[in-house]
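J.: Got a predicted model here, sequence first, then my questions.
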Amino acid sequence: MNILFLLALALAPGAAIGLYIYLKDKHEREPIGLLIQSFFFGAISTVITLLMSWPINHFIPIDPTSISQQAVHAFLLVALIEEFSKFIFVYWILYPNKNFNEPYDGIVYSVVVSLGFAGLENILYISNGGVETAILRMFTAVPAHATFGVLMGYFLGKAKFEHRKSHYAIYALGVAALFHGAYDYFWFISYVPGIWIGAILSLSIGVFLSRRAMRIHQDASPFINKSTE
């Protein structure tokens with residue numbers, strides 16, 4: 001299989017979602033250069049996740065047939081570590097940036113970092129699984145990472161612009177990890193007949209909440225009057 005074709009399959013879904021989120025930024029769009037940096041921050045967060053996960057998984061073995069141990073695996077050893085790896089870049093690098101100047105920007109930057117993570121992760125998975133894996137992840141894992149990014153960014157937007165309520169930053173990490181963990185958990189125990197539907201349901205709920213979060217922050221933009229003049 002042509003490696004360029006597989007690379008395109010790995011990156012195209014994220015690019016399409018990223019463009020959608022960017023175009024939904026109706027009032028004051030972010031600099032392209034900073035978005036490209038954010039994407040690479042996300043790719044670096046994948047490497048950080050791998051570096052953190054390897055020793056943890058080595059010292060905390062998980063029984064793949066245990067429903068309770070798989071919950072620990074999904075929510076703590078995977079979701080929390082992955083979302084924290086993204087959160088590092090969004091909160092400590094992009095959050096203070098002068099271009100983060102309206103609530104919706106939290107969504108934009110969080111999603112782009114998430115898509116950078118998903119992009120490199122996709123490349124790693126597809127290099128082993130091929131086209132079938134690429135197509136499956138196109139409709140599952142990549143949109144899921146985007147929804148985790150929207151939910152994280154929604155609360156970061158609130159943290160920065162609602163009287164700087166810093167506890168929202170904790171919500172940002174916690175809610176993203178919660179939805180991520182729920183999504184992964186149902187896949188991890190997919191040996192239970194029909195349980196994989198839970199992953200699709202959690203993704204659907206995430207998409208619904210993400211669309212609502214985007215509308216709320218679009219309407220909260222301080223640039224809304226200027227963009228309609």
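T.: Yes, it's here.
J.: CA atoms for contacts and neighbours, from now on please.
T.: Will do.
J.: so residue 6 makes contact with residue 131?
T.: Yes: here residue 6 lies in contact with residue 131, judged by CA atoms under 8 Å, at a distance of 7.0 Å.
J.: any low-confidence regions in the chain?
T.: With pLDDT under 70 as the threshold, the chain has low-confidence stretches at 1, 164, 226-229.
J.: neighbours of the closest residue to residue 141 other than its chain neighbours, just the number please.
T.: Take residue 141 and drop its neighbours on the chain: the residue closest to it by CA to CA, 6 or more residues apart in numbering is residue 118, 7.6 Å away. When neighbours are counted by other CA atoms under 10 Å, residue 118 registers 28.
J.: List the residues that contact residue 118.
T.: Counting by CA atoms under 8 Å, 6 or more residues apart in numbering, residue 118 touches 14, 42-43, 141-142, 145.
J.: Closest to residue 102 out of those residues?
T.: Distance to residue 102 across those (CA to CA) is lowest for residue 42, with 21.3 Å.
J.: Would you convert the contacts of residue 118 into CSV that also reports secondary structure?
T.: Formatted as CSV, those follow (DSSP: H, G, I helix; E, B strand; the rest coil):
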residue, secondary structure
14, helix
42, helix
43, helix
141, helix
142, helix
145, helix
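J.: and which of those residues is nearest to residue 98?
T.: Using CA to CA, residue 42 is the member of these that sits closest to residue 98, with 19.8 Å.
J.: Wait, that closest one touches residue 111, no?
T.: No: using CA under 8 Å, residue 42 is not in contact with residue 111, being 9.3 Å away.
J.: Residue 40 versus residue 20, what's the distance?
T.: 19 Å (CA to CA, to the nearest Å).
J.: and those two? which has more neighbours close in?
T.: Higher neighbour count among residue 20 and residue 40: residue 40, with 20 against 11, using other CA under 10 Å.
J.: wait, doesn't the more buried one sit right on residue 114?
T.: No: Residue 40 is beyond contact range of residue 114, at 10.0 Å (criterion: CA under 8 Å).
J.: Just the buried positions in the lengthiest helix in the chain, please.
T.: For the chain, the helix with the greatest residue count under DSSP state H is helix 103-139. By 16 or more other CA atoms under 10 Å, the buried positions in helix 103-139 come out as 103-123, 126-127, 130-131, 133-134, 137-138.
J.: same question, stretch 89-101
T.: 89-91, 94-95, 100-101.
J.: Please enumerate residues in contact with it?
T.: 30-31, 38, 41-42, 45, 106, 109-110, 113, 156, 160.
J.: switch to 7 Å and redo it
T.: 30, 41, 109-110 (CA atoms under 7 Å, 6 or more residues apart in numbering).
J.: which of these sit farthest apart?
T.: Top of the distance list for the contacts of stretch 89-101 (CA to CA): 30 and 41, 15.9 Å.
J.: Just the helices from the protein, written as ranges.
T.: So, for the chain - with DSSP H - the helices run 3-23, 32-59, 67-72, 81-89, 103-139, 141-161, 167-188, 197-219, 224-227.
J.: Pick the most buried one from those.
T.: The highest mean neighbour count among the helices of the chain, using mean count of other CA atoms under 10 Å, belongs to helix 141-161: a mean of 26.
J.: between that helix and helix 3-23, how many degrees?
T.: Relative orientation of helix 141-161 versus helix 3-23 (axes from the mean of the first three to the mean of the last three CA atoms, to 10 degrees): 30 degrees.
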